[in-house]
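Novice: What follows is a predicted protein model with its sequence.
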Amino acid sequence: MPIEFTHVPGKPANGSFFYDFAETATKLSLIEDAGFRKLVVDDPAGLLTNMDIADQTLERTASLEVVLTHWAGVIEPTVAARQLAALDRRGGGRLSLRMLSEPLEDSDAEVRPVGHGVVWQRIDEYLVLLKRLWSNDKPFDHEGAFYSVKGGFVPRKGPHGADLTIRLGGQSGTALKVAGRHADVFELAAGTPDEVAQLMQRVRSAAAEHGRAGRLRFALPVRIRPEGWSGTFDHKAVEVAGPPARLALSLLPYAALGIEEFMIGGIDRPGEIARIGRETVTLIANSLARREADTPSPGTFASRSFTGAHVR
């Protein structure tokens, strides 16, 4: 089972990872050379900046895939569908869409009640429209709870059409229902291997209702901390610390669950990127290859206990 590694840039107090793109270009080369296959674009400036950064990243890299963080409701689906298709074309099919849930704007609150379920209903309708716009061969009309489309059509589709990779997360029944219908990659929440396994099963069950259980892949957010670090934990990511061998051992129980992607955060300096790629990424990949050859069945090391992993 091959494992992919995704770099998740941090959000430093003094600005964005992408603030100086000349410096960022150097980091992108390191990320690409270090064995990371994907890069998450999630800039504090928001959606439109994300799309511009994604465009520059695709232009300046040869193989790195861009995971574009996106929100429903910021721009109209027809506009978003055209822009995303254009980005995917320019990147040669190296784009995927990471949908996050956000509260509705105040203007929306005036006409409908705001709540968790409403947010996910809008995401559901938004994704349905994007997929229709990426696949239809003639204009269509749509009148829904959140969007009205007249003559919706994207003349130039992206390389993947409606099969552009969609990434979702969440833990509520409502979120999982939408993920089961749309997600190709599900971004897991932090937890012990047993807790993560339970969430994976819930997501598979939701996807099975749409005949999509076999299409689903899982990604686990992981934050690498310096040795001796003591501070506030990031409750959205599994926290690991220590030398490369310990980091690899900490992640192997999660890989044994069937997780195919680790989203690595906490390494933004060039030296850290190069070292983690050269040592930790390589060690994990090699360890998994050896263990897979020697292990009779999945889950053999999921129940073992390893030091160095901090999970909250």
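Specialist: Nice, I can see it.
Novice: next one: the longest helix seen in the chain to chain centre, how far?
Specialist: In the chain, assigned by DSSP state H, the helix with the most residues is helix 116-135. In terms of Cα atoms, centre = their mean, to the nearest Å, the centre of helix 116-135 is found 17 Å from the chain centre.
Novice: buried stuff in that helix?
Specialist: Residues of helix 116-135 classed as buried by neighbour count (16 or more other Cβ atoms under 10 Å): 118-134. Using the backbone N, CA and C atoms, a C-beta is placed for each residue, glycine as well.
Novice: repeat for stretch 20-34
Specialist: Neighbour-count burial for stretch 20-34 flags 21, 24, 27, 28, 29, 30, 31, 32, 34 (criterion: 16+ other Cβ under 10 Å).
Novice: Can you tell me the element the residue nearest to the first one when sequence neighbours are not counted falls in?
Specialist: I take that to be residue 21. Once flanking residues are discounted, residue 21 sits nearest to residue 56: 6.0 Å by Cβ to Cβ, 6 or more residues apart in numbering. Using DSSP states H and E, residue 56 maps to helix 47-60.
Novice: Show me what that helix is packed against.
Specialist: Contact here means 3 or more Cβ pairs under 8 Å, 6 or more residues apart in numbering; DSSP states H and E; on that basis helix 47-60 packs against helix 21-33, strand 38-41, strand 65-71, helix 77-90.
Novice: number of nearby residues for the residue nearest to residue 83 when sequence neighbours are not counted?
Specialist: Of all residues not flanking residue 83 in the chain, residue 51 sits nearest, at 6.2 Å (Cβ to Cβ, 6+ apart). When neighbours are defined as other Cβ atoms under 10 Å, residue 51 has 20 of them.
Novice: Quickly note the distance from residue 51 to residue 175.
Specialist: 24 Å (Cβ to Cβ, to the nearest Å).
Novice: Could you pull up the mean pLDDT of the longest helix of the chain?
Specialist: Mean per-residue pLDDT for helix 116-135: 95.
Novice: Over to stretch 140-147?
Specialist: Stretch 140-147 carries an average pLDDT of 96.
Novice: quick one: contacts of it?
Specialist: Residues outside stretch 140-147 that contact it (Cβ atoms under 8 Å, 6 or more residues apart in numbering) are 72-73, 76-77, 112, 121-122, 125-126, 129, 132, 148-153.
Novice: Looking at the helices and strands packed on helix 47-60, which is nearest to residue 205?
Specialist: Counting by Cβ to Cβ, residue 205 lies closest to strand 65-71 out of the helices and strands packed on helix 47-60; the figure is 25.1 Å.
Novice: Output the contacting helices and strands for that closest one.
Specialist: With contacts taken as 3+ Cβ pairs under 8 Å, 6+ apart, strand 65-71 sits against strand 38-41, helix 47-60, helix 77-90, strand 95-100.
Novice: Got the phi and psi for residue 76?
Specialist: Note on residue 76: backbone dihedrals following degrees, to the nearest 10 are phi -60, psi 150.
Novice: nearest residue to it other than its sequence neighbours?
Specialist: Counting by Cβ to Cβ, 6+ apart, residue 76 lies nearest to residue 147, which is 7.4 Å off, once chain neighbours are set aside.
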